[in-house]
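# Dropping the sequence and predicted coords here.
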Amino acid sequence: MAAEIISGKDLAHELRLEMKQKVSELNDRGIYPKLSVILVGDNPASKSYVNGKKKACKETGILSDVIEMDSDTTEAQLLQQIELLNEDPSVHGILVQLPLPKQIREQKVIDTISFEKDVDGFHPINIGRMMTGEDAFLPCTPFGIITMLKSKNIPIAGKHAVVVGRSNIVGKPVGQLLLNEHATVTYCHSRTSNLQQLTQQADILIAAVGKINAIRAEHIKEGAVVIDVGINRLEDGSLTGDVDFEAAKEKASYITPVPRGVGPMTITMLLENTIKAAKGLA
Ligand SMILES: NC(=O)C1=CN([C@@H]2O[C@H](COP(=O)(O)OP(=O)(O)OC[C@H]3O[C@@H](n4cnc5c(N)ncnc54)[C@H](OP(=O)(O)O)[C@@H]3O)[C@@H](O)[C@H]2O)C=CC1
Ligand SMILES: Nc1nc(=O)c2c([nH]1)NC[C@@H]1CN(c3ccc(C(=O)N[C@@H](CCC(=O)O)C(=O)O)cc3)C=[N+]21
């Protein structure tokens, strides 16, 4: 049976309409949610993501400001810029686009962002709160994935979720959120010796690898839910995920496409977190 395709784009559109309403209500109370994005250097992919974020803010009535810094910016200069935003009461959310040039330590940058404005959910305090199940800013991609599963009423509790990838921004936190929803979670990564054997047991399979066709039909159990986080750019400029979509959709019960899958949900959850920050709920 062919899988049902979960459109992140459609769900994102629906949620953004609701958010627009929330923002307008906040505006009526004199609160103007604002996101500041810092972009260091001129990586074309980063520029394109930042433009996507800017557009999404505009669509929902959230104010946004992009601060562009040279590729030879020092760590001290970037930290100083973050401090200015930390202290600026008109700014509710701060996002420093990753990756950063090699002279800058990413963890140092993340640690400097005020955790109350950390709408990416990367600050150690937010990560810690996510682990204990306290109120926190949840990392946008994992939060978007859980939102997609819930939108289709896909059961998570008691299911075996297999996460391929263990990065701090996607793999690790998506496993944690699935655990919080009572899944049994297995993490796989580049040193996993029996990848296929593990992925074949997945009721919910999350691919966050960054390699074309890392997940193929032989990795997938009949009826599994397959979430493709990967964003890989082909030579013709088009995007594709980590999953061999055509083959996988014949085995899966639900599958997310790339593009128009997880990506638009990542941005939507960023907007959600910015509204939350503006309300001062963290
Ligand atoms: N749709 C969206 O909104 C977003 C998409 N992305 C995309 O998701 C993908 C993953 O991103 P990110 O987590 O940042 O990437 P990283 O490169 O930080 O992590 C990739 C992970 O995949 C693992 N891995 C690499 N090769 C294999 C393999 N052959 N078998 C099993 N595991 C493997 C790595 O293992 P090890 O730890 O051992 O190195 C690592 O844990 C990328 O394509 C990225 O562009 C990222 C963020 C948001
Ligand atoms: N501090 C920080 N926070 C991030 O959240 C962050 C980051 N750095 N660095 C890079 C990754 C990647 N990421 C994506 C967001 C949206 C799409 C997205 O909307 N993709 C569209 C396609 C967009 C296009 O066509 O270019 C889609 O999949 O349909 C993809 C990837 C956020 N990231």
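Perfect, I can see it now. Numbers count the residues shown, from 1 in each chain. Ligands and ions are numbered 1, 2, ... in the order given.
# What residues does His92 make contact with?
33-35, 117, 119, 274, 277-278 (C-beta atoms under 8 Å, 6 or more residues apart in numbering). For the C-beta atoms, the positions are set from N, CA and C on the backbone; glycine is no exception.
# 6 Å instead?
Neighbouring residues of His92 by C-beta atoms under 6 Å, 6 or more residues apart in numbering: 33-34, 274, 277-278.
# cool, and Lys159?
Counting by C-beta under 6 Å, 6+ apart, Lys159 has contacts 183, 203-204.
# most neighbours, which of those residues?
Ile204 (24 neighbours; other C-beta atoms under 10 Å).
# so the nearest residue in space to that residue that is not next to it in sequence, which of the three states?
What sits nearest to Ile204 in space, not counting adjacent residues and going by C-beta to C-beta, 6 or more residues apart in numbering, is Ala161, at 4.2 Å. Of the three states, Ala161 takes strand under DSSP: H, G, I helix; E, B strand; the rest coil.
# How about the residues of the stretch 101-250 of the chain by ligand 1?
141, 164-167, 169-171, 188-192, 195, 208-211, 214, 229-232 (C-beta under 6 Å from any ligand atom).
# Report whether the lengthiest helix in the chain contacts ligand 1.
Criterion DSSP state H: the longest helix present in the chain is helix 8-28. No. Using C-beta under 6 Å from any ligand atom, helix 8-28 stays clear of ligand 1, coming no nearer than 8.4 Å.
# Which secondary structure elements does that helix sit against?
If contacts are counted by 3 or more C-beta pairs under 6 Å, 6 or more residues apart in numbering; DSSP states H and E, helix 8-28 sits against helix 44-60, helix 262-279.
# hmm, back to that, okay but the residue nearest to Ile204 is in contact with Leu178, surely?
Yes. Between Ala161 and Leu178 a contact is recorded at 4.4 Å, counting by C-beta atoms under 6 Å.
# so what's in contact with those two at the same time?
Val185.
# circling back: can you list the contacts of His92 in JSON lines and add neighbour count and pLDDT?
Output for these, formatted as JSON lines (neighbours: other C-beta atoms under 10 Å; pLDDT from 0 to 100):
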{"residue": "Pro33", "neighbour count": "25", "pLDDT": "98"}
{"residue": "Lys34", "neighbour count": "21", "pLDDT": "98"}
{"residue": "Thr274", "neighbour count": "30", "pLDDT": "98"}
{"residue": "Ala277", "neighbour count": "23", "pLDDT": "98"}
{"residue": "Ala278", "neighbour count": "22", "pLDDT": "98"}
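# from these, which is closest to ligand 2?
Thr274 (12.3 Å; C-beta to the nearest ligand atom).
# Tell me how many other residues crowd the one residue in the stretch 1-150 of the chain that gets nearest to ligand 2.
In the stretch 1-150 of the chain, no residue comes nearer to ligand 2 than Leu98, which is 3.7 Å away by C-beta to the nearest ligand atom. Neighbour count for Leu98, taken as other C-beta under 10 Å: 16.
# Doesn't it lie inside a strand?
No. Assessed with three-state DSSP, Leu98 is coil; it does not lie in a strand.
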